[in-house]
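In: Sharing a model prediction with you, sequence too.
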Amino acid sequence: GAVVSQHPSWVICKSGTSVKIECRSLDFQATTMFWYRQFPKQSLMLMATSNEGSKATYEQGVEKDKFLINHASLTLSTLTVTSAHPEDSSFYICSADHRGLGYGYTFGSGTRLTVV
Amino acid sequence: EDKVVQSPLSLVVHEGDTVTLNCSYEVTNFRSLLWYKQEKKAPTFLFMLTSSGIEKKSGRLSSILDKKELFSILNITATQTGDSAIYLCAAHDEKLTFGTGTRLTIIP
């Protein structure tokens, strides 16, 4: 149990376009989902916390207008990278709070974004 | 500011050796300490520790938390090449704060 499905696994886009990444909790309801970014050989950095039905809470330094987060249902959260630039190329991972069953936080499989 | 520090940053050992990975933390409203193993993609959950002094075990892996000294260790005995990965610890209050990870390499 406690599976989070993240799509796409990898995406290449042109500079200036927008990319949407989806995370779905498959067998549980996730009232809270977290979005992380990871640069090569670095740890996971929390970007924002999304709560179902309310606005996301962004970490300091993360541009809200650039990284749009929507958590419209208990099983789906999306991250849209708007007007992507090469410096946005990174590995993005979502996680859902599933501590209730002792799994800690369940992570999606991640999305490798390359902006060319 | 919440902070999690892991050591060593990288470790190379021979197959069969035992390793100990360290994690110290400073978070405002500590709730639990989590360990993850990250290979090519997303981290996979290993342990969640909430109580001091109680060892959690899973096969050759074990972990313990010291809430007084604010640290945790992850032990791996009889290491195998499949243990090669980055091991992340994270302290949980309202969110997870990750350490930088320890890159473990097991040489056959």
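Out: Ah, there it is.
In: List the contacts of the closest residue to chain A within chain B.
Out: Nearest residue of chain B to chain A, counting by CB to the nearest CB: residue B:42, 4.1 Å away. In this view, the C-beta of every residue, glycine as well, is placed from N, C-alpha and C. Counting by CB atoms under 8 Å, 6 or more residues apart in numbering or on different chains, residue B:42 makes contact with A:6, A:93, A:107, A:108, A:109, A:110.
In: Just the pLDDT for the third one.
Out: In the prediction, the pLDDT value recorded for residue A:107 is 87.
In: Give the bridge partners for it, please.
Out: residue A:95 (DSSP bridges).
In: Pretty sure it sits against residue A:94.
Out: Yes - in this structure, residue A:107 is within contact of residue A:94 by CB atoms under 8 Å, at 7.2 Å.
In: does any bit of the least confident helix or strand in chain B by mean pLDDT sit next to chain A?
Out: Within chain B, no helix or strand scores below strand B:96-98, which has a mean of 86 by mean pLDDT, DSSP states H and E. Yes - applying CB under 8 Å from any CB of the partner chain, one finds strand B:96-98 touching chain A at B:96, B:97, B:98.
In: Show me the shaky parts of chain B.
Out: Along chain B, no part satisfies pLDDT under 70.
In: Kindly report the same for chain A.
Out: Short version for chain A, where the test is pLDDT under 70: A:1, A:98-104.
In: Tell me which residue of it lies closest to chain B.
Out: Taking CB to the nearest CB, chain A has residue A:107 as its residue nearest chain B, at 4.1 Å.
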